[in-house]
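J.: Pasting the sequence and the predicted model now:
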Amino acid sequence: MRTAFKILLPILVVAIGIGAFRVLKSTKPEQTPPEVQERVWRVDVERAVPQRLAPELTLYGRVETPDLLRATASASAWVTDVAVRDGELVAEGDVLVRLDERDFLPRIEQAKAQIAELEAEIESERNRYETDKLALEKEKRLLDLARDAVARQERLKTQQVGAEQALDEAERAAVQQALAVSNREMSLADHPTRVRALEARLASNQARLQELQLEYERATLRAPYDGIVTGVEVTPGDQVAKGQVLARMFALDSLQVRARIPAPYQAELLTALRQAGTLPAAAEIGDTAVALTLDRIAGEAGPSGVDGLFHVASDPAALRLGQMLTVRLERPARDGVIAVPFRAVYGGGRIYKLEDGRMVGVDVETLGEHRGGKDEVERLLVRSPQIKAGDLIVTTHMPNAMDGLRVETLDEGRMAKAPGGGAQGAGAASAKGSAQTQAVQ
């Protein structure tokens, strides 16, 4: 009996345990299976407002002038005074550099003396001409007398009264007198030639005198116009040679900006210039805005593009020669353009709209940069027929952006109140800057 009890007891315990397990399993509470929630990303958005806007082209230019004055020494001389320094503003007529006048006056007096000597020679030549004319008449008379004497001696010889020697002497005297008349006539004939030679020498010396006087006038170098001195090459006491540069300056109103225009935009801008004449542009120097206009395109191009020449349309006082500027050139305006933050564009040609709580990708044409005013944030102009006025553009840059990604706006209430959207939505995006992506369960 005891042996049977020992055998049945473990079986009974196991049976009771199995029964209790089944009872507990059948009476346990039901658990709801966990639900998987889709992740929602919070983004900032703006309403699309198509407008007519002009894309801007950013260029890098250099201030230059085609009229840089290089004031040079008019002659070899010593410098006595330097009246300006580099960077000084000068007015028309202000003295720049003075040269020693003692290096000029002796040469001027010498030229005057040579002119006076030549004038005296010309007067003497004219007197000589008048004297030669009177002398010629007398010498012709003497020639007639000598010939009469020869004729008389020939008659006497024929009559066998005169001597052979007397005839020879009469003929010799006649020949000598004929030679004298010939010399006098030649002297009279050469008179115009001698006068012209003297007058030519006189004119040469008079021109030399004018040159020396002009050099003397230029011994004091003065500013020919209002401008800025860009360099002074001498100091008092220096000896300079003719043609040596003493100072440099330029007129403010002659300044222009030369900037390289990339080759892809060359044809577009040439067409726009032919139609409009000029294109507006601007540059900034600190807090000062400088208005420019693209007047013309350089005649020679390079592999990377062609130079554009910009006229300074505002006060050029803040500019300096050789200064580097960032130039913003307005290209021809386009219709149906939307200005979006740069962070809203992916890969240079794709943005995302918000539709029914999900991101929808749209391929767009990027037209260029735009900044409406000095204090406005620079934006990118895009255009696409798939974007309509009032569409919500996602402006938060998403590293995992893709079609169908579920998102919600950071401020649903404000976006719902924005009338047609552009100004307030853009303000919200600008205020928040580049929003960080956040996930909520």
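T.: Nice, I can see it.
J.: Okay, now the unreliable bits of this protein?
T.: Within the chain, the stretches with pLDDT under 70 are 1-6, 9, 25, 28-36, 159-162, 372-375, 411-441.
J.: Domains of it: list them as residue ranges, please.
T.: The chain breaks down by automatic domain parsing into domains covering 42-53+335-440, 58-65+255-330, 69-100+224-250, 105-217.
J.: closest to residue 16 out of the ones you listed?
T.: Closest approach to residue 16 among these (CB to CB): domain 42-53+335-440, 51.7 Å. Backbone N, C-alpha and C define where each C-beta goes, glycine included.
J.: Check the offset of that closest one from the chain's centre.
T.: Its chain's C-alpha centre and that of domain 42-53+335-440 lie 39 Å apart, by CA atoms, centre = their mean, to the nearest Å.
J.: follow-up on the earlier one: any chance of the domains of the chain in JSON lines with mean neighbour count and distance to residue 18 as columns?
T.: Converted to JSON lines, those look like this (neighbours: other CB atoms under 10 Å; distance: least, CB to CB, whole Å):
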{"stretch": "domain 42-53+335-440", "mean neighbour count": "16", "distance to residue 18": "48"}
{"stretch": "domain 58-65+255-330", "mean neighbour count": "16", "distance to residue 18": "84"}
{"stretch": "domain 69-100+224-250", "mean neighbour count": "17", "distance to residue 18": "106"}
{"stretch": "domain 105-217", "mean neighbour count": "14", "distance to residue 18": "132"}
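J.: Residue 21 is nearest to which of those?
T.: Residue 21 lies closest, by CB to CB, to one member of the domains of the chain: domain 42-53+335-440, at 42.7 Å.
J.: Who does residue 72 form a beta bridge with?
T.: Using DSSP bridges, the bridge partners assigned to residue 72 are residue 245.
J.: so how far is residue 84 from it?
T.: Using CB to CB, to the nearest Å, one obtains 15 Å as the distance from residue 72 to residue 84.
J.: go on, residue 48?
T.: For residue 48, the distance to residue 84 - CB to CB - is 59 Å.
J.: try residue 359
T.: For residue 359, the distance to residue 84 equals 66 Å [CB to CB].
J.: go on, residue 116?
T.: The gap separating residue 116 from residue 84 is 40 Å, by CB to CB.
J.: sorry, back to before: out of the domains of the chain, which comes closest to residue 17?
T.: Short answer: domain 42-53+335-440, nearest of the domains of the chain by CB to CB, at 47.9 Å.
J.: where along the protein do the helices fall?
T.: Assigned helices in the chain, in chain order: 2-26, 105-158, 164-217, 266-276, 412-417, 422-432 (criterion: DSSP state H).
J.: Present the ones you listed as CSV; the columns should include distance to residue 322.
T.: Below are the helices of the chain laid out as CSV (distance: least, CB to CB, whole Å):
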stretch, distance to residue 322
helix 2-26, 92
helix 105-158, 39
helix 164-217, 32
helix 266-276, 25
helix 412-417, 49
helix 422-432, 36
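J.: Please identify which of those helices is closest to residue 350.
T.: Among the helices of the chain, the nearest to residue 350 by CB to CB is helix 422-432 (18.1 Å).
J.: Can you name the residues bridging to residue 240?
T.: Here residue 240 sits in beta bridges with residue 77, going by DSSP bridges.
J.: for residue 355, same thing?
T.: Applying DSSP bridges, one finds that residue 355 bridges with residue 358.
J.: Roughly how far does it sit from residue 309?
T.: Distance from residue 355 to residue 309, counting by CB to CB: 48 Å.
J.: before we move on, what about residue 72?
T.: In terms of CB to CB, residue 72 sits 27 Å off from residue 309.
J.: Parallel or antiparallel, which strands does the longest strand along the chain pair with?
T.: Counting by DSSP state E, the longest strand found in the chain is strand 288-302. Here strand 288-302 is paired, per DSSP bridges, with strand 279-285 (antiparallel), strand 305-312 (antiparallel).
J.: Which residue is the nearest non-sequential neighbour of residue 85?
T.: Of all residues not flanking residue 85 in the chain, residue 232 sits nearest, at 6.2 Å (CB to CB, 6 or more residues apart in numbering).
J.: I'd guessed the one you found sits against residue 247; true?
T.: Yes: assessed by CB atoms under 8 Å, residue 232 is found in contact with residue 247 at 5.0 Å.
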